[in-house]
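In: My questions concern the predicted model and sequence given below.
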Amino acid sequence: MKKSPKCFVEYDTKEQICLSNVNRRIRFSYYSMFLLLCLFFACSSENDLTNEETRELKLSVPLMDQEWLKTEKVDFEFEIVEGNGGYQANVSNDSDAKVTIEGNKVIVNLLSNLGVEISITDAKDQIATVFIQSTNESLSPPSIGVYLDEGHTETIDVNFGAGGPYTIKKMRGNASTAVVKGDKVEVTSLGLGDTFYLIRDKRGTLANFHVSTSIEFEMDKSSTIFEFVGVNNLSAFVRLNWGTKWVILGATDNVLESVDVSQVLISTGKWSDYYVLSIKTVNEGKGSDIITLKNEEGDLAVVKVHIL
């Protein structure tokens, strides 16, 4: 039997090793190139974000340093023409206006005729400020004053601004109570003194409401020195029944907020032939004060006020 010849497969070992190294180098190059591309695009994106251009914040109305805007409307709108998004509005006084932003639209609800500064900011800290003032008469509510006798109740009609429902808030003083009933305010005096309120209409416009339970005295030439005990937040009136052209020579100010002497208008529409000393005491504090007056004839009068 013949033996089959042995077959041998010869490998070029050196060539195989070289080819293997080349393949490794190619694969490494591919990986390196891939990583470099990833880093390049990541850095490019980051640079694009950090180097994004800051756009100037522009509005559809003149800025405050250019012009003050006046309108007869109570509601006013303008547009944010250009900016960097993330818009916010700040108002100089919340009691003068309410501002909301819807997209690029700025909506201003004006609450007074005093004028208001509105600053718009964006995400890049750009600021644009406008000043808006309304001449609408409904935003000029009157100051309402009521004088009551101690312990009495009175109902006052209220009609201003955009109308009711009205709300009322006590700001200072405790000499009265006030309750809103529809378009009326029911006020009750609890004692001597002044009470100060704010009445708000349905849009938010405010009106001052002052309730006073005052005290009145008279002086004549037979008694030129007068003194009385008062309370804080008190309006007191002293009628001087003689002399002309009274003036205040001096007054201490421990418990006095203000003093004044003048003639008054009477029911006939003419000035009275007598003078009245008007006294207003401070909100808080105890002590005494002296007021010295003199008339054209040279007579002196002294009024002493005590808060115990």
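Out: Structure's in. What do you need? No experiment lies behind these values; they were computed from the predicted model shown.
In: Show the contacting residues for the most centrally placed residue in the chain.
Out: Taking Cα atoms, centre = their mean, the centroid of the chain lies closest to residue 93, which sits 2.8 Å from it. With contact taken as Cβ atoms under 8 Å, 6 or more residues apart in numbering, residue 93 is in contact with 114, 116. (C-beta placed from N, C-alpha, C; glycine too.)
In: Can you give me the distance of it to residue 120?
Out: Taking Cβ to Cβ, to the nearest Å as the measure, residue 93 falls 16 Å from residue 120.
In: what's the answer for residue 75, then?
Out: Distance from residue 75 to residue 120, counting by Cβ to Cβ: 17 Å.
In: same thing with residue 290?
Out: 56 Å.
In: of the two, who's got more company?
Out: residue 120 (22 against 15; other Cβ atoms under 10 Å).
In: quick one: contacts of the helix or strand hosting the more buried one?
Out: Taking DSSP states H and E as the definition, one finds residue 120 inside strand 116-121. Contact partners of strand 116-121, identified using Cβ under 8 Å, 6+ apart, comprise 57, 59, 64, 80, 83, 87-93, 96-97, 99, 101, 106, 108, 110, 127-133.
In: redo that, cut-off 10 Å
Out: 57, 59, 61, 63-64, 68-69, 76, 78, 80, 83-84, 86-99, 101, 106, 108, 110, 126-134 (Cβ atoms under 10 Å, 6 or more residues apart in numbering).
In: I'd like the C-alpha coordinates of that strand written as PDB, please.
Out: C-alpha atoms of strand 116-121 as PDB (Å, rounded to 0.1, in the frame of the first residue of the first chain):
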ATOM      1  CA  VAL A 116     -45.500 104.700  36.300                       C
ATOM      2  CA  GLU A 117     -42.100 103.500  35.300                       C
ATOM      3  CA  ILE A 118     -42.000 100.000  33.700                       C
ATOM      4  CA  SER A 119     -38.700  98.200  33.200                       C
ATOM      5  CA  ILE A 120     -38.500  95.200  30.900                       C
ATOM      6  CA  THR A 121     -35.600  92.800  31.300                       C
END
